[in-house]
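> return atomic coordinates for the entry below.
(one chain, ligands or ions: 1)
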Amino acid sequence: MTAPVAYLDYNASAPLLPEAAAAMTATFALAGNPSSVHRAGRAARAVIEDAREAVAALVKVTPAQVVFTSGATEANGLALAAGPVTAAAVEHPSVLAWAEAATIPVDADGIVDLPALENRLREFPPAVVALMLANNETGVLQPVTDAAGLAHGVGARLHCDAVQGPGRVLVNFQALGADTMSLSAHKFGGPKGVGALILRPGLELSALVKGGGQERRRRAGTENLAGIAGFGAAAKIAVTALDNAHRIAALRDVLEARIADQVPQARVLGQGVARLGNTSCIVLPGVPAETQLMRLDLANVQVSAGSACSSGKIAASHVLTAMGASEADAKCAIRVSFGPGSTVADIDAFFSAWLPLALTAAA
Ligand code: PMP
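As a prediction, this is how the structure comes out:
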């Protein structure tokens, strides 16, 4: 008998919410192109504008500030393509791809070094500073508002990759002080392959995907109607998900307490600082992440090694090495990330597969 699945990889992607699936399915009956003026076109357009309102409400902006994209990778590119970009060393690869080689260091908890940022900005003022809301590997929160103040002081924009935030922490675009912010539907129950860039009112960016005039000329191409509908449905639910976030944080704390109790040689990164309540980044010295992942996968427990975005290859995570972890330790780190579907049974499943490995390594 196969063990029930314990899916503990919400930071890589969350299961599609039934409400999102239903909203998507409903669009398959719509023939119209959202840009067409006839009734069928207007019906498709209405779906998009309803979703735009829901996404806007999620991050407390007006619908006109929302540009739908194919995901956060594209949204990050749209915000950063104009460059030059100064980024923190722990940003997602889709941000680092646009950034200057000289990144801003972080401390042992992964928090950006603000004085170092300030010095860099004074010497080499960029067009954009990129600082994420919460790190995808550790969950550690960044001082985005402070960084925005520094960026604005040298006339630069602040871009915030807020992909890991919705449903887990309040995401208030204006309070962050950001000029642009990226979101991705599939991290909180929407479909994969759709996201958004949020723009400060009045900010004009030149399109990355050029052609037609869709998305107020900021992103050409016939809209991903089903994807956007699913994104909107998930956004409506994420607005109310914060109560659940406390339950999820309590689960995560149970996992970490059991680790501290039974596997004292393991370390949880960022444990002492403000971070997402759903994420644990665990270093088990001497046991490569591949080995941990395989053992867990055999028991039907699904977690990631560092970032899942590196296409199945497990190299030392740039996030952990930037935090000062040795290359050896960084290769022994796994990420457990919880979500609304997580239960104590998932933690039990994790522990029964992982504990023998940890104890053998310690012996
Ligand atoms: N930024 C962060 C912090 C992420 O975790 C991810 C997803 N791994 C992305 C950007 C890319 O998002 P998408 O999958 O929508 O392209």
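
> model confidence score at whichever residue of the chain sits closest to the ligand, please.
Here the residue of the chain nearest the ligand is G71; by CB to the nearest ligand atom that distance is 2.9 Å. C-beta here means a position set from N, CA and C on the backbone, and glycine is covered the same way. We have a pLDDT of 98 for G71.

> quick one, what contacts it?
Shown in contact with G71 (CB atoms under 8 Å, 6 or more residues apart in numbering): S184, A185, H186, K192, G193, V194, G195.

> so which of the residues you listed sit within strands?
Counted as lying in strands by DSSP state E, out of the contacts of G71, are S184, G195.

> can I get the contacts of G71 in TSV with pLDDT?
Listed next are those as TSV, based on pLDDT from 0 to 100:
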residue	pLDDT
S184	98
A185	98
H186	98
K192	98
G193	98
V194	98
G195	98
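
> burial of A40, as a residue count?
For A40, the count of nearby residues is 14 (other CB atoms under 10 Å).

> next, it: phi, psi?
Here is the backbone geometry of A40 (degrees, to the nearest 10): phi -60, psi -40.

> which residues sit in contact with the residue with the largest distance to the centre of the chain?
Outermost residue of the chain with respect to the C-alpha centroid, by CA atoms, centre = their mean, is H38; its distance is 37.8 Å. Residues counted as contacts of H38 (CB under 8 Å, 6+ apart) are G32.

> against I111, how distant is it?
Noted for H38: a distance of 53 Å to I111, by CB to CB, to the nearest Å.

> re the thing from before, report pLDDT for the residue farthest from the centre of the chain.
For H38, the predicted pLDDT is 98.

> returning to that earlier point: so what pairs up with the closest residue to the residue of the chain closest to the ligand other than its chain neighbours in the strands?
Distances taken as CB to CB, 6 or more residues apart in numbering place G195 nearest to G71, at 4.2 Å, with adjacent residues excluded. Partner residues in beta bridges with G195, using DSSP bridges, are T69, S184.

> surely G195 touches A72?
Yes: with contact defined as CB atoms under 8 Å, G195 reaches A72; the gap is 4.5 Å.

> OK, contacts around the nearest residue to A87 once chain neighbours are set aside?
Distances taken as CB to CB, 6+ apart place A99 nearest to A87, at 3.7 Å, with adjacent residues excluded. Shown in contact with A99 (CB under 8 Å, 6+ apart): L80, V85, T86, A87, E91, A130.

> now these in CSV, with distance to A31?
Shown next, in CSV, are the contacts of A99 (distance: CB to CB, whole Å):
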residue, distance to A31
L80, 36
V85, 41
T86, 47
A87, 43
E91, 41
A130, 40
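
> ok, those vs A363, which is closest?
Nearest to A363 among the contacts of A99, counting by CB to CB, is E91 at 38.7 Å.

> quick one: classify the spatially closest residue to A185 that is not a sequence neighbour as helix, strand or coil.
Distances taken as CB to CB, 6+ apart put F231 closest to A185, at 3.8 Å, once the chain neighbours are dropped. What DSSP: H, G, I helix; E, B strand; the rest coil gives for F231 is helix.

> run a quick neighbour tally on F231.
The number of residues packed near F231 is 33, by other CB under 10 Å.

> mind listing what it touches?
By CB under 8 Å, 6+ apart, the residues touching F231 are A20, A51, V55, F68, A185, G190, P191, V194, G195, A196.

> give me the neighbour count for the fourth one.
A total of 27 residues lie near F68 under the criterion other CB under 10 Å.

> who's in contact with it?
I48, A51, R52, V194, G195, A196, E215, R219, E223, N224, I228, F231.

> buried subset of the contacts of G71, written for PyMOL?
This is the PyMOL syntax for the buried subset of the contacts of G71, where burial follows 16 or more other CB atoms under 10 Å:
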select buried, resi 184+185+186+192+193+194+195
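
> columns distance to the ligand on top of the contacts of G71, output as CSV?
Below are the contacts of G71 laid out as CSV (distance: CB to the nearest ligand atom, whole Å):
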residue, distance to the ligand
S184, 3
A185, 7
H186, 6
K192, 7
G193, 7
V194, 8
G195, 5
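
> what ranges do the helices span in the stretch 51-200 of the chain?
Assigned by DSSP state H, counting those that start in this stretch, the stretch 51-200 of the chain shows helices spanning 72-80, 93-96, 114-123, 144-153, 173-176.

> looking at those helices, which is buried most?
The highest mean neighbour count among those, using mean count of other CB atoms under 10 Å, belongs to helix 72-80: a mean of 26.

> kindly format the C-alpha coordinates of it as CSV.
Provided in CSV are the C-alpha atoms of helix 72-80 (Å, rounded to 0.1, in the frame of the first residue of the first chain):
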residue,chain,number,x,y,z
ALA,A,72,6.0,36.4,-11.8
THR,A,73,9.1,35.6,-14.0
GLU,A,74,7.6,37.8,-16.7
ALA,A,75,6.4,40.4,-14.2
ASN,A,76,9.9,40.7,-12.8
GLY,A,77,11.3,41.1,-16.3
LEU,A,78,8.7,43.8,-17.1
ALA,A,79,9.7,45.8,-14.0
LEU,A,80,13.4,45.3,-14.4
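
> if anything else comes up later, I'll come back, but that's it for now.
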